[in-house]
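Chemist: Sequence and predicted structure below; questions after.
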Amino acid sequence: SVRNLKAFHNSNLTSTQLDAIPIVGSRGFLASFWDGYKFLANAPDMIQAGYTQYPNGIFRVARFSHWLVVVSHPKFVKEVGGAPEHILSFHEGVEDNLPVKQVIGRPIVENPYHQNTIRTSLTRNLHARFPEVRDEIACAFDEVLQLHDSEWKWLPALHTIMAVVARVSNRLFVGLPLCRNQTYLWNNVQFAIDVIQSGQKIALFPKIMRPLVATFISSKDKSFAVALQTLGPLVAERLAKEDELGPNWPGKPNDLISWLLEDAQGEERTVPALVLRVLSTNFAAIHTSSMAFTQALYDLTTNPEYLLPMREEAEHVIANEGWTKAALNSMVKIDSFLRESQRLNGNGSVAMIRKVVAKDGFRFSDGTVLPNGSFVCAAARAIHYDASNYKNATEFDGFRFARERAEHAATHDLTQDVFKRQMISTAGDFLPFGTGKHACPGRFFAATELKAMLAHVVINYELKAEVEGVRPQDNTFGITIAPNASARVAFRKTNAL
Ligand code: HEM
């Protein structure tokens, strides 16, 4: 349409509308097209260069067919996070890197009601379901690690943690016995890998060609068939019960299927539609949480002096309060350690990619205008590594947030004031979960799960790095930064000397 053409012209590499915003790299169509390639290999360095060169501001880098505007001041990050969907679109921003419609499914974009279910019902029920989550953590580590007596055992960190996280997350999502069904679990893991891999390829094609390309590349239909086979019967049973006994039947399980059914309307109340929501929640949950925990394990094995203080904290809190969700609030060192790991090793050089969809563009408070059709994001990693945001910013200081919380508590009336240095708190200078309107709705569960997992690990195991003092190198591709996928960590039972 004319509007689409106009939007394309406004945002593409030859547009003059972004002239006021400085460029990192080259100007001119061919040169900047080449920069688009370089960006795939060097995104973190290019973003850091722009950040250093244009402090507290806004700059742009070339992607293949358009500019990506990058904001580096927390104030501008907040303005991006606060803009509503009809001005800065989250979904259109995601779509640029990941063609969700083709690799996951159209309804996830067109009616994202599950985000609300996750933010509200799932989060509200974390207290009630915590004993099961805790039980699954203990069983999953036992069964996945298979440690015997006093042996040190080397395990591939990411793969091992993925197996634990998939089980623990699904204990909450679908409960026993399905959360231990290996076909069901690995289908969720494989689906996420396929979504990312096929998505990155499909995203290189113009939008109009994507549906066709997807029919050759995407294995979505295969994953969906396995999900339907393994999870479908359980969903069918729930729908039948509701038809027969109404929405509040006695003994109704307190899980994601029930929470989704409370929100799902019309055509979303079918077996395939609900299976797709659970599959896509697994996609959003498993890889992000596994990557974050693996990075924390690498931080712990590289800085082993943190193990004992966290073990002492966990043992002390559990002795006083038992294994409850509320007890996790008292584990401030563990919370701080995970937050610090996310700060330094979060999952991307940029975050919060949005597309300007407002007809008249988007205006920042300093007057800078981004025309309709442009893309904008936050320089997440550079912000996290900036000494004006964090003291000794490039150093891993596992308990920095615990110290800040203690200092704050000593000087403030805490009934009046929530100090935002906990794992779940987002800010313009803390972006592992994004911030603002689309901040990750699953972060309350992620924090609960990862804190309980870390407490379990430090109490029950000794750990060893493959090479003492050397952190396994990240895998970097384009804007993505992921933990090393082949590094191993050694585990040994604590009391098995
Ligand atoms: C450590 C683990 C996790 C990390 C680092 C993470 C990170 C993120 C980030 C960066 C976003 C996008 C925010 C933005 O662009 O503004 C996001 C969105 C989302 N996350 Fe998470 N996430 C994690 C765990 C989870 C879990 C466990 C769930 C589900 C239970 C989940 C469900 C979602 C959903 C549904 C969205 C889309 C939000 C929307 O469209 O408004 N995430 N997450």
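Modeler: Happy to help now that I have it.
Chemist: thinking residue 128 is in contact with residue 254, fair?
Modeler: Yes. Between residue 128 and residue 254 there is a contact at 6.2 Å, judged by CB atoms under 8 Å. All C-beta spots, glycine's among them, are computed from the backbone N, C-alpha and C.
Chemist: who's more crowded, these two?
Modeler: residue 254 (14 against 10; other CB atoms under 10 Å).
Chemist: any idea how far the ligand is from the more buried one?
Modeler: 15 Å (CB to the nearest ligand atom, to the nearest Å).
Chemist: Please apply the same query to residue 203.
Modeler: 16 Å.
Chemist: okay, the closest residue to residue 181 other than its chain neighbours: pLDDT?
Modeler: Nearest residue to residue 181 in three dimensions, chain neighbours excluded: residue 230, at 6.0 Å (CB to CB, 6 or more residues apart in numbering). The per-residue pLDDT reported for residue 230 equals 98.
Chemist: Mind telling me what element residue 230 is part of?
Modeler: Using DSSP states H and E, residue 230 maps to helix 220-245.
Chemist: now for that helix, which elements pack on it?
Modeler: Other elements packing on helix 220-245 under the criterion 3 or more CB pairs under 8 Å, 6 or more residues apart in numbering; DSSP states H and E are helix 182-202, helix 256-263, helix 271-302.
Chemist: Reformat the ones you listed as a markdown table; add mean pLDDT and mean neighbour count.
Modeler: Below are the helices and strands packed on helix 220-245 laid out as a markdown table (pLDDT from 0 to 100; neighbours: other CB atoms under 10 Å):
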| stretch | mean pLDDT | mean neighbour count |
| --- | --- | --- |
| helix 182-202 | 92 | 19 |
| helix 256-263 | 98 | 19 |
| helix 271-302 | 97 | 23 |
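Chemist: would you turn those helices into JSON lines with distance to residue 155?
Modeler: Converted to JSON lines, those look like this (distance: least, CB to CB, whole Å):
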{"stretch": "helix 182-202", "distance to residue 155": "16"}
{"stretch": "helix 256-263", "distance to residue 155": "29"}
{"stretch": "helix 271-302", "distance to residue 155": "10"}
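Chemist: closest to residue 463 out of these?
Modeler: helix 271-302 (5.2 Å; CB to CB).
Chemist: Compute the inter-axis angle for the closest one and helix 256-263.
Modeler: Helix 271-302 and helix 256-263 meet at an angle of 130 degrees, taking axes from the mean of the first three to the mean of the last three CA atoms, to 10 degrees as the criterion.
Chemist: Check the offset of helix 271-302 from the chain's centre.
Modeler: In terms of CA atoms, centre = their mean, to the nearest Å, the centre of helix 271-302 is found 7 Å from the chain centre.
Chemist: With stretch 454-474 instead?
Modeler: 22 Å.
Chemist: how long is that stretch end to end?
Modeler: Distance between the two ends of stretch 454-474: 21 Å, counting by CA to CA, to the nearest Å.
Chemist: Please identify the buried residues of that stretch?
Modeler: 454-458, 460-463, 465-466, 471-472, 474 (16 or more other CB atoms under 10 Å).
Chemist: what does the stretch 51-200 of the chain have sitting close to the ligand?
Modeler: 90, 112, 115, 118 (CB under 6 Å from any ligand atom).
Chemist: Let me see the backbone angles for the nearest residue to the last one once chain neighbours are set aside.
Modeler: Right, residue 118. In space, and not counting its chain neighbours, residue 118 is closest to residue 441: 4.4 Å by CB to CB, 6+ apart. With angles defined as degrees, to the nearest 10, residue 441 sits at phi -70, psi -10.
Chemist: Tell me who's in contact with the residue lying closest to residue 188 once chain neighbours are set aside.
Modeler: Distances taken as CB to CB, 6+ apart place residue 282 nearest to residue 188, at 4.1 Å, with adjacent residues excluded. Neighbour list for residue 282: 166, 169, 170, 173, 188, 191, 192 [criterion: CB atoms under 8 Å, 6 or more residues apart in numbering].
Chemist: could I get these as JSON lines with distance to residue 382?
Modeler: As requested, the contacts of residue 282 are exported to JSON lines (distance: CB to CB, whole Å):
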{"residue": "166", "distance to residue 382": "32"}
{"residue": "169", "distance to residue 382": "31"}
{"residue": "170", "distance to residue 382": "36"}
{"residue": "173", "distance to residue 382": "35"}
{"residue": "188", "distance to residue 382": "33"}
{"residue": "191", "distance to residue 382": "32"}
{"residue": "192", "distance to residue 382": "27"}
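Chemist: The ligand: which of those residues is nearest?
Modeler: Of all the contacts of residue 282, the ligand sits closest to residue 169, with 6.5 Å by CB to the nearest ligand atom.
Chemist: Please look at the closest one and residue 287 and confirm they touch.
Modeler: No. The criterion here is CB under 8 Å, and residue 169 misses it with residue 287 at 10.7 Å.
Chemist: Now for these two: what residues contact both?
Modeler: Counting by CB under 8 Å, 6+ apart, residue 169 and residue 287 have no contacts in common.
Chemist: can you pull out the strands in the stretch 251-400 of the chain?
Modeler: Per DSSP state E, counting those that start in this stretch, the stretch 251-400 of the chain carries strands over the ranges 351-356, 362-363, 369-370, 375-378.
Chemist: Comparing the ones you listed, which yields the minimum mean pLDDT?
Modeler: Taking the mean pLDDT of the strands of the stretch 251-400 of the chain, strand 369-370 comes last: a mean of 92.
Chemist: Indicate each strand paired with that strand and its parallel or antiparallel sense.
Modeler: If you go by DSSP bridges, strand 369-370 pairs up with strand 362-363 (antiparallel).
Chemist: Name the residues that touch the strand it pairs with?
Modeler: Here strand 362-363 makes contact (CB under 8 Å, 6+ apart) with 83, 87, 88, 356, 369, 370, 374, 376.
Chemist: quick one: which of the residues of the stretch 51-200 of the chain next to the ligand is most hemmed in?
Modeler: Highest neighbour count within those: residue 118, with 23 neighbours (other CB under 10 Å).
Chemist: isn't it right next to residue 446, touching?
Modeler: No. Between residue 118 and residue 446 there is no contact under CB under 8 Å: 10.6 Å.
Chemist: Pull the contacting residues for residue 494.
Modeler: 459, 460, 461, 462.
Chemist: brain fart, residue 114
Modeler: Counting by CB under 8 Å, 6+ apart, residue 114 touches 108, 260, 263, 277, 280, 281.
Chemist: Now distance to residue 65 too, for those residues, in JSON lines please.
Modeler: Converted to JSON lines, these look like this (distance: CB to CB, whole Å):
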{"residue": "108", "distance to residue 65": "24"}
{"residue": "260", "distance to residue 65": "37"}
{"residue": "263", "distance to residue 65": "37"}
{"residue": "277", "distance to residue 65": "32"}
{"residue": "280", "distance to residue 65": "27"}
{"residue": "281", "distance to residue 65": "31"}
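Chemist: No more questions from me, cheers.
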